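S.K.: Sequence and computational prediction follow.
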Amino acid sequence: MRSAHRSLVRWANNVRAWAFWNVRGWSLWKEPHRIIGLVAILITAEAAAIAVSAATVHIETRQLILFGLLVGCVAVTVELTRQEGEKTGLIKDIYSAWGLPAAILLPPIYVLVLTLVHYSFVQWRVRQAVIYKRMYTAAEVGLALAAAGLTFRWLQRTVLPTDPTGTEHNVVWCLVLVVAVLVFWVINKSLVMLVIRGSDPTADVRQEFFSREPLYNDTAELCIGALLTYAVATNLFLVPVALPVVALLQRSLRHAQLLNASRTDAKTGLLNARTWEAEAEAEVARAVRARMALAVAVLDIDFFKLVNDTYGHLFGDEVLKEIARCLPGVLREYDSAGRFGGEEFVLLLPHTRAVDAFRIADRVRDHISGLSLITSDGQQVEVTVSVGVAALDAGSSRELSELLAAADAALYRAKRDGRNQVQMISTTRGLSASGARVATAANAFGGASSPPSVWDVVQSRKQSPASDGHAPPASNGEGVRAGALPRR
């Protein structure tokens, strides 16, 4: 008896210690006012919807049976997620497969409560997320499902034929169901995108929600939900039969997520070195075969070791993430960025002439130099990058390894000549970069006879009076200094 009492007291103390009760300590208050307002409005709307629907519902035995079956399936699905070790969030939530039948076939109170049950299970059994984010997700999903259910019932009363056995009735019923599913999808995605763009205006919601893979996943999930709704409409005891199908869908979606995770760098979200190289090799081979221009750039953060030593490695990680976040905004849609390791990034610029590649690289450099990074103690830190560009001119034949070696040599020269600048090597123009004269005696990639390597070119120019960094810029526009004085 004492043991049971101690366990009960321990459980009560744990509940009181939850961060949920410390409302003043919620990280929500650090968000912009528009996010605070949006979260408050949505959670209030969810509470009001539950109160109104609970006051008007007429409970029936069949409804309670179906609700109980759906709660059981939700619990099993969440438990399978936990047992498979998915505590890091690397999984797509397929709750709508269970939520749609509740929204379409039951009064709104049931789907609103079922949604709260589902996300409470996830918070308790799988992963403890920031509490206001979990509450917002539960509110927007619940309200979107309730809106879908109300849309279905309204259309059912207004457009559905009176004969329940005819073909026309079945066709219209399916069309009404499709409309209700689309209502759920539009409201759900709109509310999610609204809060994402409110928190981070630079977020690429189009890639996140409207690229091929997310649309395919959403379609598969909603189709399973629609089929389950149709099956349960005829026999509610078919709900548990859908469990293996939903579990299989969840595993297939997890496979796609893991495949995508294997292609990206965990810290920055850009392509990792192996994936970027594979894609770049294919693009270079295509450019050579089609006799098209192409460029590769290697970007290195200036004095990054000093940043780590001064402000700590955690802030250094934030620098990497911030640069990775800004790259898609200054590159074109068909360009490709990756992290090559340490503080180095690589850019693939298809269909790009040498002069255009130089301008793009300088735009990237200029944008990064304008970033304002704040440390944990409020200090403002500015970082700069040096960029080496290797341009493959139309009609030239080179491999990716040669382009990377050339870009690395140009980067070496940018570092040597003062940092925070762009230097470029072209297959036909040789070494052509900021503060340096265009190489005329030797091509940096090598000529047809006895070609020197890019490193030979760099070393020879280190010993040449024309390459000491004080020579006048080239007159063709490609040798103009691209950057301010280095920040030390």
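M.R.: That came through fine.

S.K.: OK, contacts around the closest residue to S397 other than its chain neighbours?
M.R.: Excluding its sequence neighbours, the residue lying closest to S397 (CB to CB, 6 or more residues apart in numbering) is V288, at 5.1 Å. All C-beta atoms are positioned from the backbone trio N, CA, C, and that covers glycine. Neighbour list for V288: 392, 396-398 [criterion: CB atoms under 8 Å, 6 or more residues apart in numbering].

S.K.: pull the helix or strand with minimum mean pLDDT from this structure.
M.R.: Least confident helix or strand, the chain: helix 454-462 with a mean of 36, by mean pLDDT, DSSP states H and E.

S.K.: confidence score at the nearest residue to T137 once chain neighbours are set aside?
M.R.: Spatial nearest neighbour of T137, excluding adjacent residues (CB to CB, 6+ apart): Y119 at 6.3 Å. The model reports Y119 with a pLDDT of 92.

S.K.: Then L258?
M.R.: L258 is given a pLDDT of 74.

S.K.: Would you tell me what the next helix or strand after whichever strand or helix holds it is?
M.R.: Following DSSP states H and E, one finds L258 within helix 243-263. Using DSSP H and E, the helix or strand that follows helix 243-263 towards the C-terminus is helix 273-290.

S.K.: could you check the angle helix 243-263 makes with that next one?
M.R.: 70 degrees (axes from the mean of the first three to the mean of the last three CA atoms, to 10 degrees).

S.K.: Start at 38, not 1
M.R.: With the count now opening at 38, the last piece we talked about shows up as helix 310-327.

S.K.: list the contacts for V94?
M.R.: V94 touches 144, 146, counting by CB under 8 Å, 6+ apart.

S.K.: okay, it: pLDDT?
M.R.: At V94, the pLDDT value in this model is 89.

S.K.: quick one, phi psi at it?
M.R.: Main-chain torsions, V94, degrees, to the nearest 10: phi -80, psi 150.

S.K.: now it: how far from A82?
M.R.: The gap separating V94 from A82 is 18 Å, by CB to CB, to the nearest Å.

S.K.: Quick check: closest non-adjacent residue to F382.
M.R.: Excluding its sequence neighbours, the residue lying closest to F382 (CB to CB, 6+ apart) is L336, at 4.3 Å.

S.K.: where are the low-confidence patches of the chain?
M.R.: Scanning the chain for pLDDT under 70 picks out 38-66, 120-129, 200-202, 293, 464-525.

S.K.: For D302, see how far away the residue positioned nearest the centre of it is.
M.R.: The residue lying closest to the centre of the chain (CA atoms, centre = their mean) is E245, at 5.7 Å. Distance, E245 to D302, by CB to CB: 17 Å.

S.K.: wait, Q416 sits on Y348?
M.R.: Yes. Shown here, Q416 and Y348 form a contact pair, counting by CB atoms under 8 Å, at 7.5 Å.

S.K.: of the two, who's got more company?
M.R.: Y348 (18 against 11; other CB atoms under 10 Å).

S.K.: coming back round to it: and the residue nearest to the centre of the chain, that one's in a helix?
M.R.: Yes. Under DSSP: H, G, I helix; E, B strand; the rest coil, E245 sits within a helix.

S.K.: ranges for the strands of the chain?
M.R.: Assigned by DSSP state E, the chain shows strands spanning 331-338, 373-378, 381-387, 410-411, 417-418, 422-429, 459-463, 467-470.

S.K.: Those strands: which one's closest to L137?
M.R.: Closest to L137 of these is strand 373-378 (CB to CB; 37.7 Å).

S.K.: Just the residues contacting the closest one, thanks.
M.R.: Residues contacting strand 373-378 (CB under 8 Å, 6+ apart): 302, 304-305, 307-310, 312-313, 316-317, 320, 335, 357, 361, 364-365, 368, 382-385.

S.K.: Over to stretch 196-215?
M.R.: The contact list for stretch 196-215 (CB under 8 Å, 6+ apart) reads 141, 189, 192-193, 263, 266-267.

S.K.: Report the distance from that stretch to the chain centre.
M.R.: 40 Å (CA atoms, centre = their mean, to the nearest Å).

S.K.: okay, how far is it across it, tip to tip?
M.R.: By CA to CA, to the nearest Å, the extent of stretch 196-215 from end to end equals 14 Å.

S.K.: got the buried residues for it?
M.R.: Buried residues in stretch 196-215, counted by 16 or more other CB atoms under 10 Å: 197, 209-210, 213-214.

S.K.: Turn those residues into TSV, including distance to R396.
M.R.: Below are the buried residues of stretch 196-215 laid out as TSV (distance: CB to CB, whole Å):
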residue	distance to R396
L197	60
V209	58
W210	58
V213	54
L214	53
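
S.K.: So which of these belong to helices?
M.R.: Among these, DSSP state H puts 209-210, 213-214 in helices.

S.K.: where exactly do the helices run in the stretch 88-237 of the chain?
M.R.: Ranges of helices in the stretch 88-237 of the chain, per DSSP state H, counting those that start in this stretch, are 98-120, 133-142, 145-158, 168-196, 204-236.

S.K.: winner for burial among these?
M.R.: When the helices of the stretch 88-237 of the chain are scored by mean count of other CB atoms under 10 Å, the highest mean neighbour count falls to helix 133-142 (a mean of 27).

S.K.: now that one, how far from the centre of its chain.
M.R.: For helix 133-142, the distance to the chain centre is 28 Å (CA atoms, centre = their mean).

S.K.: L151: what's it in contact with?
M.R.: For L151, the contact set (CB under 8 Å, 6+ apart) comprises 104, 107-108, 111, 135-136, 139.

S.K.: Look up how far A112 lies from it.
M.R.: 11 Å.

S.K.: List phi and psi for L143.
M.R.: For L143, the backbone dihedrals (degrees, to the nearest 10) come out as phi -120, psi 160.

S.K.: Please name the nearest non-neighbouring residue to it.
M.R.: Closest residue in space to L143, ignoring its immediate chain neighbours: Q100 at 5.5 Å, by CB to CB, 6+ apart.

S.K.: pretty sure the one you found is touching I146, no?
M.R.: No. The pair Q100 / I146 is not scored as a contact, 9.6 Å apart, by CB under 8 Å.

S.K.: For Q458, give me phi and psi.
M.R.: Here is the backbone geometry of Q458 (degrees, to the nearest 10): phi -160, psi 170.

S.K.: Tell me how far it lies from D399.
M.R.: Separation of Q458 from D399 (CB to CB): 8 Å.

S.K.: my read: F274 touches L106, true?
M.R.: Yes. Look at F274 against L106 with CB under 8 Å: they come within range, at 7.5 Å.

S.K.: shared neighbours, the two?
M.R.: With CB under 8 Å, 6+ apart, F274 and L106 have no common neighbours.

S.K.: Grab the nearest non-local neighbour of the residue nearest to the centre of the chain.
M.R.: Distance criterion CB to CB, 6+ apart; nearest residue to E245, sequence neighbours excluded, is P251 at 6.8 Å.

S.K.: pretty sure the one you found is touching V242, no?
M.R.: No. With contact defined as CB under 8 Å, P251 does not reach V242; the gap is 10.4 Å.

S.K.: neighbouring contacts of stretch 239-247?
M.R.: 226, 229-230, 233-234, 251-252, 362-363, 365-366.

S.K.: ok, back up a step: just give me the closest of the buried residues of stretch 196-215 to I405.
M.R.: I405 lies nearest to L214 out of the buried residues of stretch 196-215, by CB to CB, at 49.9 Å.

S.K.: what separates the closest one from V269, distance-wise?
M.R.: From L214 across to V269, the span is 12 Å (CB to CB).

S.K.: Noted, bye for now.
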